[in-house]
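**Student:** With the input below, show me the fold.
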Amino acid sequence: MVELPADSQCPDSCFLEDTALVLDEIAILTRPGSEARRAEVAGVAPTLTKYRKSVRIEAPGTLEAGDVLRIGRDLFVGLTTRTNEQGIAMMRAALQPYGYNVISVPIDGALHLKSICTALDDRTLVADPRHFDSALFPGYEIVSVPAEEWAAANILRLNGSIAMHSGFPKSEKLIRAKGFDVRTVDISEFLKAEAGLTCLSIPFEAAAR
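**Tutor:** Sure, this is the predicted structure:
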């Protein structure tokens, strides 16, 4: 694990997921839709480029990695106020040599795609499907969280377990009923900023394939 120092000039820098998408072959350094967050990328780039070659999203494109849900070779990308069509097109072009399938998912009423949809495994999603067209995920089972626990749709899948906020008992029960190993942690302060566990890290294998 690599821990980056806090940056007092970038108060949202704890949500470092948005600054980069790291895949097996390459890292995409993003251009956040929030202009106030764009300086965060410079703080993350030197560390990531030790592990991957990189490309950058350039103006007029915007992309935040909180909008990118990777499932195998499929990359579902939320079209939101933070990620635009130009950013998605640049990402698609950069990844074309590596065989990734990039699917645009228009989002209504949520900050990021992964605010309301993440993957429990390679065939099962946990989501609040009120904010997107479920038909864009053919072949996937969708576990729908209760409306009052909509933020429970942002889980972190890591090392065979599902990590989620401890304050969503109904959603936790639904996920456990599907046979998943669930670990809970209190992130109530981060929830005030519509953030979840995925926002706070960039998981990847150190060695590029």
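
**Student:** Settle this for me: E149 is touching S171, isn't it.
**Tutor:** Yes - applying C-beta atoms under 8 Å as the test, E149 and S171 come out as touching, 4.8 Å apart. Every residue, glycine included, has its C-beta placed from N, CA and C.

**Student:** tell me the phi and psi of V143?
**Tutor:** Per-residue torsions, V143: phi -90, psi 110 (degrees, to the nearest 10).

**Student:** could you list every residue that touches it?
**Tutor:** 120, 124-127, 174-175, 178 (C-beta atoms under 8 Å, 6 or more residues apart in numbering).

**Student:** Just the buried ones among the residues you listed, please.
**Tutor:** For the contacts of V143, a burial check counting by 16 or more other C-beta atoms under 10 Å picks out 120, 124-127, 174-175.

**Student:** Which ones among the residues you listed lie within strands?
**Tutor:** 120, 124-127 (DSSP state E).

**Student:** Check which residues of stretch 1-20 are buried.
**Tutor:** 7, 10, 12-20.

**Student:** which one of these is nearest M1?
**Tutor:** L16 (13.0 Å; C-beta to C-beta).

**Student:** which strands and helices sit next to the helix or strand hosting I162?
**Tutor:** Element membership for I162 (DSSP states H and E) is strand 161-165. On a contact count with 3 or more C-beta pairs under 8 Å, 6 or more residues apart in numbering; DSSP states H and E, strand 161-165 meets strand 156-158, helix 169-177, strand 182-185.

**Student:** Now distance to A193 and mean pLDDT too, for the ones you listed, in JSON lines please.
**Tutor:** Output for the helices and strands packed on strand 161-165, formatted as JSON lines (distance: least, C-beta to C-beta, whole Å; pLDDT from 0 to 100):
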{"stretch": "strand 156-158", "distance to A193": "16", "mean pLDDT": "96"}
{"stretch": "helix 169-177", "distance to A193": "19", "mean pLDDT": "98"}
{"stretch": "strand 182-185", "distance to A193": "16", "mean pLDDT": "98"}
